[in-house]
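Enquirer: Everything below, folded, please.
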Amino acid sequence: MCMRKLTLCIVLLFVAFGLNAQSSKQQGNVITDYLKGIASFYHDKFEGRKTATGEIFDNDKFTAASNKLKLGSFVKVTNLSNGISIYVKINDRMAKSNKRLIDLASVAARSLNFGSAGLAKVKVEPVSAEEGKKGILAQKDPAAILISRSEF
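Expert: The predicted model follows:
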């Protein structure tokens, strides 16, 4: 009887956590749909430091830190208050105590138009490396949009 109750409790816990995933679908540790949460941006003191991937942090590159997204992956970040979207590469981790979803380089926060507010509610969607690289290139150089479209 106790074993049956224990099994039922475990099943209920899995169901409860599955329903609490904020509309995201997961396969292992890889998010396949999207997440919603709070975005912030890096302080200037991190400029020039090594990231978790070994890259040197530059506030003028479209990169981000996250504890929930795979290192090296590309994501599309949408500011939910104004609908603006940008692409970034996840190349760093945040402090374990940080409850935010993503920490963006300053250039990305400015592009999403929340630099002065400091925080924004965002939707984060994983994208392919190809889409992410093209999106970042287009953000750096609007003329690159024409170049990437001509490849199709």
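
Enquirer: where does the protein dip in pLDDT?
Expert: In the predicted model of the chain, residues 1-32, 43-45, 115, 141-152 satisfy pLDDT under 70.

Enquirer: Strands of this structure, residue ranges please.
Expert: Using DSSP state E, the strands of the chain run over 26-27, 30-31, 35-41, 63-65, 74-79, 85-92, 102-104, 120-127.

Enquirer: Now distance to Lys50 and mean neighbour count too, for these, in CSV please.
Expert: Where you see a C-beta, it was placed from the backbone N, CA and C, and this is true even at glycine. As requested, these are arranged in CSV below (distance: least, Cβ to Cβ, whole Å; neighbours: other Cβ atoms under 10 Å):
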stretch, distance to Lys50, mean neighbour count
strand 26-27, 29, 10
strand 30-31, 25, 16
strand 35-41, 19, 19
strand 63-65, 12, 26
strand 74-79, 20, 22
strand 85-92, 9, 22
strand 102-104, 16, 26
strand 120-127, 24, 20
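
Enquirer: Indicate which one of these is closest to Gln139.
Expert: Set against Gln139 and scored by Cβ to Cβ, those come closest in strand 85-92, at 6.0 Å.

Enquirer: Contacts for that closest one, please.
Expert: With contacts defined as Cβ atoms under 8 Å, 6 or more residues apart in numbering, strand 85-92 is touched by 51-53, 55, 57, 62-66, 69-79, 102-105, 108, 111-112, 127, 131-132, 135-136, 139.

Enquirer: possible to save the strands of the chain as a markdown table with distance to Glu47?
Expert: A markdown table is the format used below for the strands of the chain (distance: least, Cβ to Cβ, whole Å):
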| stretch | distance to Glu47 |
| --- | --- |
| strand 26-27 | 33 |
| strand 30-31 | 29 |
| strand 35-41 | 12 |
| strand 63-65 | 12 |
| strand 74-79 | 21 |
| strand 85-92 | 13 |
| strand 102-104 | 14 |
| strand 120-127 | 21 |
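
Enquirer: for this structure, what spans make up the helices?
Expert: 2-19, 106-111, 129-140, 144-150 (DSSP state H).

Enquirer: What separation do you get for Val88 and Ile56?
Expert: 16 Å (Cβ to Cβ, to the nearest Å).
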